[in-house]
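K.L.:
Structural data only, the sequence is not supplied:
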């Protein structure tokens, strides 16, 4: 099977021009089939302030009311997505930007919650792997904004980590897929305060051990649980590390590689 | 040759919810290969006001300074494009939204002018007809926002009429292409004040006659000159009329059809 990279970059990379620039250069230079999923960053918050749209937070989570949905659609699918696409094109990488609504690539439904209405937030249902496979086969590099739809005409603000994971899972039937989560830290750390204490490799047995010893801190557990779920659905490996070290991450020389066994 | 419809809708349709709705319903119901190119509408102007971005006008034309480019990218490629795509998806039409940067579909250069700097405004250079043809062959309906790029990383605000025309010209080598310009009037009028005085059919000989008799008013001449240029580049026919009458326009029962002979 041909290999495929699905790479998620977080908001902290998007917010820093120089970090984004060096990331995109490395990303463009990597051969083979690849998909980039980007998060949102602070631009949406800044725009909301500028427009006088108040952000509703419940339990520290942003509620996507209609005004906020309009803002994230503009910023994620407009500004961020199209600027990344244009910059990749300038770097010789034939990028094509998508939301989940485009070609019904990622269909979702509005999140239901017993007590909190998160507003227009999507939970992913299906990935059109036929479409994505055929776009990749045409030599296109896909760039996803974290916006999906419910196929009833409603756009939905959707977690970029989840989109990346579901795309990787879906496409692992067609490609030998690696999923890369890049974030501000160097990987999964032995000591949360020490960025040099990266754990290079985690398999399920070692994961149990780390959890029992309480080495892995609370915030990391959902990320790792998701990584193992992705591996169980056919993804070859999941890599967690710094976006600036993209090539080393992929080559296993940086970050944490999570494997099935 | 298989037939293809390239339809441009103007800002006045986008600004009126009910008009857009009935247009999209008709558009979705039309069989066969089709491309929609949408303009901008008043949303960008409203957002600029809300954000306190002053619009620079020179000779009545908006200058696309960096702040304006950011706004039109958000509104055209984000809000308008993705909402149209999501609504078409809900109507069973497998739409995929694009700017010229996506897949390098429409490459342009920044407009050069002897005395006025229009800012980040694009003049179209090339259309990737291979890519567009292959996306259409996959059963996708393409929806273009009036944003292009220069392949050096710069997005460019670009006239939607021109994008529609260049796409129709480029794809007329592969498809029997009809180009539809929908706007607020019912077609080319004998009497500019009388919306019922539509001229049903114009060929080059009749066009000369109408110009000599000064029946065709000044604002219409560039549109018609462009229409004849498109016909000379292989487009089968150009139709001008009201977006709400889309099906009748295509069937030649409404609007003005411009033909080569």
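P.N.:
Happy to help now that I have it. Everything numeric in this text was worked out from a predicted model, so none of it was measured.

K.L.:
And the residue of chain A closest to chain B?
P.N.:
Among the residues of chain A, residue A:78 lies closest to chain B, at 2.7 Å counting by C-beta to the nearest C-beta. The way it works is simple: take the backbone N, C-alpha and C, and place the C-beta from them, glycine included.

K.L.:
Pretty sure that residue sits against residue B:74.
P.N.:
Yes - taking contacts as C-beta atoms under 8 Å, residue A:78 lies within contact range of residue B:74: 3.9 Å.

K.L.:
that older thread, how far away is the residue of chain A closest to chain B from residue B:22?
P.N.:
Distance of residue A:78 to residue B:22, given as C-beta to C-beta, to the nearest Å: 26 Å.

K.L.:
Pick out whichever of these two has more residues nearby.
P.N.:
For residue A:78 and residue B:22, the more surrounded residue by other C-beta atoms under 10 Å in any protein chain shown is residue A:78, and the numbers stand at 30 against 15.

K.L.:
ok, the more buried one - contacts?
P.N.:
B:73-79 (C-beta atoms under 8 Å, 6 or more residues apart in numbering or on different chains).

K.L.:
Now do the phi/psi pair for it.
P.N.:
phi -90, psi -90 (degrees, to the nearest 10).

K.L.:
could you pull out the helices for the stretch 151-261 of chain A?
P.N.:
Here the stretch 151-261 of chain A has its helices, by DSSP state H, counting those that start in this stretch, at A:160-171, A:204-212, A:220-232, A:246-250.

K.L.:
Please work out which of the ones you listed is packed deepest.
P.N.:
helix A:160-171 (a mean of 24; mean count of other C-beta atoms under 10 Å in any protein chain shown).

K.L.:
Remind me what it packs against, helices and strands.
P.N.:
strand A:3-9, strand A:33-38, strand A:106-110, strand A:122-127, helix A:129-137, strand A:141-144, strand A:176-183, helix A:220-232 (3 or more C-beta pairs under 8 Å, 6 or more residues apart in numbering or on different chains; DSSP states H and E).

K.L.:
ok, 7 Å please
P.N.:
Counting contacts by 3 or more C-beta pairs under 7 Å, 6 or more residues apart in numbering or on different chains; DSSP states H and E, helix A:160-171 packs against strand A:3-9, strand A:33-38, strand A:122-127, helix A:129-137, strand A:176-183, helix A:220-232.

K.L.:
Run through who's touching that helix.
P.N.:
A:4, A:6, A:8, A:35, A:37-39, A:106, A:124, A:127, A:129, A:132-133, A:144, A:146, A:177, A:179, A:181, A:226, A:230, A:233-235 (C-beta atoms under 7 Å, 6 or more residues apart in numbering or on different chains).

K.L.:
That helix versus strand A:122-127: what angle between them?
P.N.:
Inter-element angle recorded for helix A:160-171 and strand A:122-127: 10 degrees (by axes from the mean of the first three to the mean of the last three C-alpha atoms, to 10 degrees).

K.L.:
circling back: from residue B:76, how far off is the residue of chain A closest to chain B?
P.N.:
Counting by C-beta to C-beta - residue A:78 and residue B:76 are separated by 8 Å.

K.L.:
still on that earlier bit, any of the contacts of helix A:160-171 buried? List them.
P.N.:
A:4, A:6, A:8, A:35, A:37-39, A:106, A:124, A:127, A:129, A:132-133, A:144, A:146, A:177, A:179, A:181, A:226, A:230, A:234-235 (16 or more other C-beta atoms under 10 Å in any protein chain shown).

K.L.:
Quick one: name the residues of the stretch 101-250 of chain A near chain B.
P.N.:
By C-beta under 7 Å from any C-beta of the partner chain, the residues of the stretch 101-250 of chain A that approach chain B are A:101-104, A:134, A:138, A:140, A:147, A:149, A:151-155.

K.L.:
Mark which of those are buried, thanks.
P.N.:
Buried by 16+ other C-beta under 10 Å: A:101-104, A:134, A:140, A:147, A:149, A:151, A:153-155, out of those.

K.L.:
Downstream of the helix or strand bottoming out on mean pLDDT in chain A, the next helix or strand is which one?
P.N.:
Across the helices and strands of chain A, mean confidence by mean pLDDT, DSSP states H and E is lowest for strand A:61-62: a mean of 76. Downstream of strand A:61-62, the next assigned helix or strand under DSSP states H and E is helix A:66-72.

K.L.:
Please list the outside residues in contact with that next one.
P.N.:
A:40, A:44, A:47-48, A:53, A:55, A:62, A:64, A:119-120, A:147, A:155, A:157, B:79.

K.L.:
I'd say residue A:51 and residue B:51 touch.
P.N.:
Yes - in this structure, residue A:51 is within contact of residue B:51 by C-beta atoms under 7 Å, at 6.2 Å.

K.L.:
follow-up on the earlier one: now do the residue of chain A closest to chain B, the pLDDT please.
P.N.:
Per-residue pLDDT puts residue A:78 at 98.

K.L.:
Distance from the chain centre to the host helix or strand of residue A:50, please.
P.N.:
Per DSSP H and E: residue A:50 is located in helix A:43-51. Offset of helix A:43-51 from its chain centre (C-alpha atoms, centre = their mean, to the nearest Å): 22 Å.

K.L.:
so where is the stretch 1-150 of chain A shaky, pLDDT-wise?
P.N.:
Within the stretch 1-150 of chain A, no stretch has pLDDT under 70.

K.L.:
Which strands border the least confident helix or strand of chain A, and is each parallel or antiparallel?
P.N.:
Here strand A:61-62 has these sheet partners by DSSP bridges: strand A:57-58 (antiparallel).

K.L.:
Mind listing residues that contact the strand it pairs with?
P.N.:
A:63, A:116.

K.L.:
from memory residue A:230 sits against residue A:179, does it?
P.N.:
Yes - counting by C-beta under 7 Å, residue A:230 does reach residue A:179; the two are 5.7 Å apart.

K.L.:
Apart from its neighbours in sequence, what residue is nearest the residue of chain A closest to chain B?
P.N.:
Nearest non-adjacent residue to residue A:78, counting by C-beta to C-beta, 6 or more residues apart in numbering or on different chains: residue B:78, 2.7 Å away.

K.L.:
what's the answer for residue A:246, then?
P.N.:
Per C-beta to C-beta, 6+ apart, closest to residue A:246 is residue A:26, 4.3 Å.

K.L.:
Report the buried residues of the helix or strand where that neighbour lies.
P.N.:
Per DSSP H and E: residue A:26 is located in helix A:17-29. Within helix A:17-29, the residues scored as buried using 16+ other C-beta under 10 Å are A:19-20, A:23-24, A:26-28.

K.L.:
List of residues touching that helix?
P.N.:
A:7, A:9, A:13-14, A:36, A:84, A:87-88, A:91-93, A:243-244, A:246-247.

K.L.:
And the residues you listed, which of them are buried?
P.N.:
Looking at the contacts of helix A:17-29 with 16+ other C-beta under 10 Å, the buried ones turn out to be A:7, A:9, A:13-14, A:36, A:84, A:87-88, A:91, A:93, A:243-244, A:246.
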